[in-house]
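Asks: My questions are about this predicted structure, shown below with the sequence.
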Amino acid sequence: MSPLLSLRGQTVVLETDFCTDVDDVAALSLLCGAAKAHPDAFRLGGVSCNVKSPFIAAAVKTVLSAWGMQDVPVGVTEDDLPPSGNRSDYLAGLAARWRGGEASCGPARELYRRILSKAADGSVTVLSIGFFNTLDEVLADDPALFRRKVRCVYAMAGGFARCAGNAEFNVKGYLDATRRFLDAWDGPIVFVGFECGETVMTDLSGLPAEFDAHPLVEAFRHHRGPAMKHSSWDPITVDLALHGENECYELGPAGRVRAAADASTPFESDPAGNARVLRFRAPDDAVSARISSLVREAAGLPQK
């Protein structure tokens, strides 16, 4: 799978729940920093939010504005809330900081239609760090268009290795939609399982007070308090899509992943399969150091 930064003219859609955990904010921050630094490689075509909230569009716009990217379109699902709800310790605070007028957004499905209809064939990469409800709907709306335009999907979802058999949050949130999408999508998909981010910390501790107003720092403080550390599932997914395999990451053999009725995600080895699963080459502390450094750099924060 070619990493985004080795390509030219790609469009990225971030598919996110943008609530509950704060690693969504770190992931969007990392993606914005990369988009500004590497405009020839890709542009951020849109942010699709797969959980409803009156605050979510303004909160996303607040983060985008830190990079001068407030014009990036935001779409929000029209689906009912999943059982997990949309509770967040940081969402309302970020939304209250938006000063760009009403944070206009439309249905997420329409956002995808606009992006896909204008994109060159094979030029769209979807980074899914939330639920699969919107992806299921968009693929079902026009399967030929989705398959023609989307190069690949990176998904923070499922449990593999030591977490095999577990019902992971992003899979079970809209389980029926997850099962339909994974059954129907036959293009390349890379999974970052729960086991990869659980014990890898994004560390924003020790920052000088002058950075308190940065939306990423504010979100971490609302969600994590003085610790300023959080598990790194979502920024790892973005990092892998941007940079590919390296001293920290490798992709396992090809296979197929389906969501079972119990929300587990069994992996079936198959040389002709469309799925790969992330594995670590380095210990967790080395991956933590990498992710923390990349997120800080992208956000213009001092290194620890």
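Replies: Perfect, I can see it now.
Asks: What are the neighbouring residues in contact with the residue nearest to Q303 when sequence neighbours are not counted?
Replies: Closest residue in space to Q303, ignoring its immediate chain neighbours: R296 at 5.6 Å, by CB to CB, 6 or more residues apart in numbering. C-beta here means a position set from N, CA and C on the backbone, and glycine is covered the same way. Counting by CB atoms under 8 Å, 6 or more residues apart in numbering, R296 touches 204, 302-304.
Asks: can you pull out the strands in the stretch 1-150 of the chain?
Replies: Assigned by DSSP state E, counting those that start in this stretch, the strands in the stretch 1-150 of the chain fall at 10-16, 42-49, 74-76, 106-107, 124-128, 150-156.
Asks: In CSV, list these along with mean neighbour count.
Replies: Compiled in CSV, those are given as follows (neighbours: other CB atoms under 10 Å):
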stretch, mean neighbour count
strand 10-16, 26
strand 42-49, 24
strand 74-76, 25
strand 106-107, 15
strand 124-128, 26
strand 150-156, 26
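Asks: I'd like those strands written out as a markdown table, with distance to A92 and mean pLDDT added.
Replies: Shown next, in a markdown table, are those (distance: least, CB to CB, whole Å; pLDDT from 0 to 100):
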| stretch | distance to A92 | mean pLDDT |
| --- | --- | --- |
| strand 10-16 | 17 | 98 |
| strand 42-49 | 15 | 98 |
| strand 74-76 | 15 | 96 |
| strand 106-107 | 22 | 93 |
| strand 124-128 | 25 | 98 |
| strand 150-156 | 24 | 98 |
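Asks: Take the contacts of R296 and write them to TSV, including pLDDT.
Replies: What follows is the contacts of R296, written out as TSV (pLDDT from 0 to 100):
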residue	pLDDT
L204	98
P302	97
Q303	97
K304	87
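Asks: Grab the most central residue of this protein for me.
Replies: With the centre of the chain defined as its mean C-alpha position, the nearest residue by CA atoms, centre = their mean is I129, 3.2 Å away.
Asks: which residue sits closest to it, ignoring its sequence neighbours?
Replies: I129's closest residue in space is D234 (CB to CB, 6+ apart), at 4.1 Å.
Asks: count of neighbours near the one you found?
Replies: 32 (other CB atoms under 10 Å).
Asks: What residues does it make contact with?
Replies: 16, 21, 23-24, 26-27, 129, 156, 197.
Asks: before we move on, what about D186?
Replies: 147, 274.
Asks: ok, 10 Å please
Replies: By CB atoms under 10 Å, 6 or more residues apart in numbering, the residues touching D186 are 143, 147, 256, 273-274.
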